[in-house]
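Novice: build me a model:
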Amino acid sequence: MPTPGTFASAKQFVGVAKEPITAQGTAVAPTYTMPMESFKPSDKPVWLDDKAWRGSMGDDYGRQQGVIKTDWSASGACFGDTLGFFLANILGDDAYSGGTPSGSPTTTTGALTAGSSTVVPVTSATGITPGVVLQLDTAGLLENVTVLSVASLNVTLTAPVAKSHLTAASVQVVTAPFTSAFSLYNAGQGQSPTHTFTHFQGPAASTGTRQYPGSCLSDLTLKWDAESQLFTYDAKALSWPSVIAGATPTSAPTTVAPVASWRGILGIAGPASGGTLVKNVTGGEITIKRELEAIFTSQNAQTPYIIQRGKLSVSGKLNFIAVDEAPYLAMINNTQPQLQLILDNGAAGALQNRFTVDSQQSAYRVADYNAGKAAVEYAVEFDSIFNTTNVGDSGGMSPCKVSLVNAVAPSTYQ
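Specialist: A predicted model of the protein is given here:
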């Protein structure tokens, strides 16, 4: 008896890759498999109905298809090496730093220009090989870059440098872990990078795969509950209409494990250490929202001209066990304390994964007393206020900064 031509939902997976900055909506092959528990896409054509009178008792005389866009949502556990794709997409500013020095340092023999220089001339290329990460310069000019190739004393990078550097700037090979710090991108037109999400699902002709190019996140919620959950996310996005992939992708899931919520520590009115570490928060959530508008023009195409990013906001919820009235007093007195959440997998070196969410000013708008459980609680809702502490390399102001510590090389997320 022949096997029915059905498709097993358990075999589905999602891949992701950044798109060229000048080609929003152009599908690219996935570079990372992004573990998910749910991926729900919906292509949404605009239907143009002909309702002109014809002398008959009806009004449905024809239907044409108008422009098309796609909504999709996803959820799952936060993985320390792939969450950065979501963060780069919705926030946009990504500053790489950190690493452990390896080998002897050297210096540049020429100046480098931000956004255009991809070749670093050095006094010595000893120990610099394709794929290694270099730390350029120091202090406020410090950045990490990835080596593409080496020819004599000229080191070619995988992407242009993000900052300008003078001649004789320090150059040092560094090894993982690295830090990726995501803040709101405020330079230029204020537009974040876009990504193609590739969904192997079975029914699509030939490759069994549909792609969602030009994806822009509108919502990213990070959630934790010390008693019962991993550190998880919910995401929503808008994209160009789906297309069938030109080739069937291969699943290459991460070996990184998600982090249990009980590993989290929280700082209120300061960092998550010392006198500002609080131990009476059971869980919460932090939501990043971005205004989006798919703009359609007369270009003889059903697809968007651009998906325009607009304003960004950050809000959240915290559940306090009431050891005192501190949550209520922070709300009623409008003190707007700093909030810092850290979750770490407890590993060392290249195996370390750490998530850090910083909100320099968290304005409590609700702090409700709740006596519905064995211990009295306060349910807090807050909004993150724009400030100059949580900014990235693009300057301006940002309501938060989200940092990842992992072994992912620079320029991977954007």
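Novice: okay, now the residue found closest to residue 113 once you drop the neighbours it is linked to in the chain: neighbour count?
Specialist: Spatial nearest neighbour of residue 113, excluding adjacent residues (Cβ to Cβ, 6 or more residues apart in numbering): residue 164 at 5.5 Å. Every C-beta, even on glycine, is put in place using the N, C-alpha and C of the backbone. Other residues within reach of residue 164, judged by other Cβ atoms under 10 Å, total 15.
Novice: from residue 350, how far out is residue 164?
Specialist: For residue 164, the distance to residue 350 (Cβ to Cβ, to the nearest Å) stands at 30 Å.
Novice: what do you get for residue 370?
Specialist: Taken as Cβ to Cβ, the span from residue 370 to residue 350 is 43 Å.
Novice: one more: residue 278?
Specialist: 31 Å.
Novice: next: residue 65.
Specialist: Counting by Cβ to Cβ, the gap from residue 65 to residue 350 is 50 Å.
Novice: neighbour count: the two, which is higher?
Specialist: residue 350 (13 against 10).
Novice: ok, now which ones touch that one?
Specialist: For residue 350, the contacting residues are 175-177, 407, by Cβ atoms under 8 Å, 6 or more residues apart in numbering.
Novice: find the nearest non-adjacent residue to it, please.
Specialist: Counting by Cβ to Cβ, 6+ apart, the residue nearest residue 350 is residue 176, at 3.9 Å.
Novice: restrict the helix or strand where the one you found lies to CA atoms and write it as CSV.
Specialist: Following DSSP states H and E, the helix or strand that holds residue 176 is strand 170-184. Extracted in CSV, the C-alpha atoms of strand 170-184 (Å, rounded to 0.1, in the frame of the first residue of the first chain):
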residue,chain,number,x,y,z
SER,A,170,45.6,48.7,18.5
VAL,A,171,44.7,45.4,17.0
GLN,A,172,44.3,42.3,19.1
VAL,A,173,43.0,38.8,18.4
VAL,A,174,40.3,37.8,20.9
THR,A,175,38.5,34.6,21.6
ALA,A,176,34.9,34.0,22.8
PRO,A,177,32.8,34.9,24.7
PHE,A,178,31.9,38.2,23.1
THR,A,179,29.3,40.8,24.1
SER,A,180,26.6,42.1,21.7
ALA,A,181,24.8,45.1,23.0
PHE,A,182,21.5,46.1,21.3
SER,A,183,20.0,49.6,21.6
LEU,A,184,17.7,51.7,19.5
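Novice: what does the average pLDDT come to for that strand?
Specialist: Average pLDDT, strand 170-184: 96.
Novice: mind listing what's buried along that strand?
Specialist: 170-174, 176-184 (16 or more other Cβ atoms under 10 Å).
Novice: farthest-apart pair in those residues, please.
Specialist: Comparing all pairs in the buried residues of strand 170-184 by Cβ to Cβ, the longest separation belongs to 173 and 184, at 31.2 Å.
Novice: ok so, going back, now tabulate the buried residues of strand 170-184 in a markdown table and tack on distance to residue 7.
Specialist: Formatted as a markdown table, these follow (distance: Cβ to Cβ, whole Å):
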| residue | distance to residue 7 |
| --- | --- |
| 170 | 54 |
| 171 | 51 |
| 172 | 50 |
| 173 | 46 |
| 174 | 45 |
| 176 | 38 |
| 177 | 39 |
| 178 | 39 |
| 179 | 41 |
| 180 | 36 |
| 181 | 40 |
| 182 | 36 |
| 183 | 41 |
| 184 | 40 |
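Novice: just the strands in the stretch 301-414 of the chain please.
Specialist: 306-321, 339-344, 354-359, 362-370, 377-384, 401-406 (DSSP state E, counting those that start in this stretch).
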